[in-house]
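>>> Got a predicted model here, sequence first, then my questions.
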Amino acid sequence: MVAGLARRFGDLDVAEEAAAEAFVAAAQRWPREGVPPNPGGWLATTATRKAIDYLRRESQRDAKHQAARIVYDDTPPAPTGPVADDRLRLIFTCCHPALASEARVALTLRLLGGLTVAEIARAFLVPETTMARRITRAKAKIRAARIPYRVPSADDLRERLAGVLAVVYLIFNEGYLAGEGDDPLRVDLTEEAIRLGRLLRTLLPGNGEVVGLLALMLLTDARRPARVSRTGELVTLDEQDRGAWDRTLITEGTALVRERIEAVAAGGDPPGRYQLQAAINMVHTDAPSARDTDWSTIAALYGRLVLLDPSPIVRLNRAVAVAEVDGPEVGLAETDRLAEALDGYHAFHAARADLLRRLGRSGESRAAYDRAIGLAGNPAERAYLTRRRDQLAG
């Protein structure tokens, strides 16, 4: 986009300034009015108008001439680069390496993912005000440093891929279990994330993490038909009707995981975080019933994942798996080590509540359920937690 504007106006500084203003306009309008059907075209049109306004302010004498150049310009459109899809190309564009990793992911989720600041804050386990400041600082840095928003080249793809994968996965997660609102699931977000995952695999077919992320989303989304009961209550994995799972998605996702297992066995790169999570989900979907789940393998896979991503949420998931292998007392000890980091995370308190219930500590379990219910924003999840709390003895 910047290159095209520069050719039309003959001034790179004007082009970069116009492009930056267009992205700021998008940040202000899209969350309120929605992402337009053609985000790339919207940005190009807005940037063109910004450039015209700028030139009018700078030189009244040249205003009509510059406008005429736009109206009658027959320059071929700028190439889109290796990424043909408008939405995916803009995600790559926004994941600029000059910004800190969390800032670029958060800003992209705000601009293009359709997520609110509150939803993004929950994904990063930080207060909403903290996330708002991060996004504001990121936009300010773009303007102050005049970071160019240009179409990513083939060389840019690998450098920006980690941020792009994080954006797609967070969009999927928000759709799979919405953090707020009346709808427990947002199918529009999960379907868009999977669509982007398929495009990424076509673009980078040999990248293990791209394949792993697509497999993870497919295997997870396959369980969607069984996740919410007719009464609007969340149905956990151990209670789901496995006959309702989408076998087509499971077959496709499993094939992708096995493809990566074979590639690693043949001397390929070791699996990354998305490949390991996909493998964990494959173990779940392979089990004909909850009691047949191979928890030892799942715990081992989480152990490998912790080495790559020692985040509190990954460690919490590992603690839940450990509880299935070594008992709830061991799992609770692992969980309680995360209390400081995850005190504001509803799933932490829900996990503690279940482990305390299994240990017969009903009073403590009830308190943990109350805390989880107070923090949960999803109505289906609140309904499930409330039922479990009300089933406690005493």
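Received, thanks.
>>> contacts and neighbour counts: CA atoms only from here.
Will do.
>>> so where's the stretch 51-200 of the chain shaky on pLDDT?
Counting by pLDDT under 70, the stretch 51-200 of the chain has low-confidence residues at 51-81, 111-114, 145-151, 179-182.
>>> how about stretch 88-105 as PDB, C-alpha atoms only?
Extracted C-alpha coordinates of stretch 88-105, given in PDB (Å, rounded to 0.1, in the frame of the first residue of the first chain):
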ATOM      1  CA  LEU A  88      -4.400 -12.500   6.400                       C
ATOM      2  CA  ARG A  89      -2.200 -10.000   4.600                       C
ATOM      3  CA  LEU A  90      -3.200  -7.300   7.000                       C
ATOM      4  CA  ILE A  91      -2.500  -9.500  10.000                       C
ATOM      5  CA  PHE A  92       1.000 -10.100   8.600                       C
ATOM      6  CA  THR A  93       1.300  -6.400   8.000                       C
ATOM      7  CA  CYS A  94       0.300  -5.500  11.600                       C
ATOM      8  CA  CYS A  95       2.600  -8.100  13.200                       C
ATOM      9  CA  HIS A  96       5.600  -5.700  12.600                       C
ATOM     10  CA  PRO A  97       8.800  -6.800  14.400                       C
ATOM     11  CA  ALA A  98       9.500  -3.200  15.500                       C
ATOM     12  CA  LEU A  99       6.700  -3.700  18.200                       C
ATOM     13  CA  ALA A 100       7.100  -6.000  21.200                       C
ATOM     14  CA  SER A 101       5.600  -9.400  20.600                       C
ATOM     15  CA  GLU A 102       2.600  -9.000  23.000                       C
ATOM     16  CA  ALA A 103       1.900  -5.400  21.700                       C
ATOM     17  CA  ARG A 104       1.800  -6.500  18.100                       C
ATOM     18  CA  VAL A 105      -0.500  -9.400  18.800                       C
END
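>>> Give the buried residues for that stretch.
Neighbour counts over stretch 88-105 (16 or more other Cα atoms under 10 Å) mark 88-96, 99, 102-105 as buried.
>>> Which of these fall within helices?
88, 89, 90, 91, 92, 93, 94, 102, 103, 104, 105 (DSSP state H).
>>> buried sites along the strand or helix carrying residue 316?
Assigned by DSSP states H and E, residue 316 belongs to helix 312-326. Buried residues in helix 312-326, defined by neighbour count with 16+ other Cα under 10 Å: 312-325.
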